[in-house]
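Engineer: After the sequence you'll find the predicted model.
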Amino acid sequence: MNKSDPQIAQQLAEAARSLQQKNTGHAPTAVTVMLSEDTLVLTFHDALTPAEKALSQTPEGAAKVQEFHRQLFATSSAAMRQEIRRIAGREVREAMAEIETATGAVAYAFPTGAMVQVFLLAPESSDPVKDADSDAPDLPATV
């Protein structure tokens, strides 16, 4: 690849946000991209429409919204696969999607034969005590 990883992550976030807008008519408030050697995770923040949020208030409605987004992913992921190939220069071997109806976050994980676990964290508290010695990598790109 001739582009740096932050540039690739930024471009992937922009492409994902644009495709989500095109496919659903509703753009997420942000798209976070986490890119490592063989794994790409896209998280769409506040991705549900007001109607989907209302429907998700009951277990039955939440199940319908989840199934709708699984089917949407199954029928529309080819365009994102093409964008990944164009931007990152890599083929997608496997793909899956999951939606958390309580928060409206959509996580699309593209593993290459490995198990991927995605944990969506709550916003940081206002607690002033932070782990200043953390060895965590830089934050991923968000659009």
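Structural biologist: Looks like it arrived, so ask away.
Engineer: three-state assignment of residue 26?
Structural biologist: Following DSSP: H, G, I helix; E, B strand; the rest coil, residue 26 is assigned to coil.
Engineer: What pLDDT is listed against it?
Structural biologist: According to the prediction, residue 26 has pLDDT 90.
Engineer: now swap in the one 5 residues further on and tell me
Structural biologist: With respect to pLDDT, residue 31 scores 90.
Engineer: Can you name the residues bridging to it?
Structural biologist: residue 44 (DSSP bridges).
Engineer: For residue 42, I want the exact helix or strand it lies within.
Structural biologist: For residue 42, the enclosing helix or strand under DSSP states H and E is strand 40-45.
Engineer: in that strand, what counts as buried?
Structural biologist: Of the residues in strand 40-45, 40-44 count as buried by neighbour count, 16 or more other CB atoms under 10 Å. Heads up, the C-betas are built off the backbone N, CA and C, glycines and all.
Engineer: where does the chain dip in pLDDT?
Structural biologist: Applying pLDDT under 70 to the chain flags the ranges 1-4, 104-122, 125-143.
Engineer: If you drop the residues flanking it in sequence, what lies closest to the spatially most central residue of it?
Structural biologist: The centre of the chain sits closest to residue 43, judged by CA atoms, centre = their mean, with a distance of 2.0 Å. Ranked by CB to CB, 6 or more residues apart in numbering and with sequence neighbours excluded, the top spatial neighbour of residue 43 is residue 32, at 4.4 Å.
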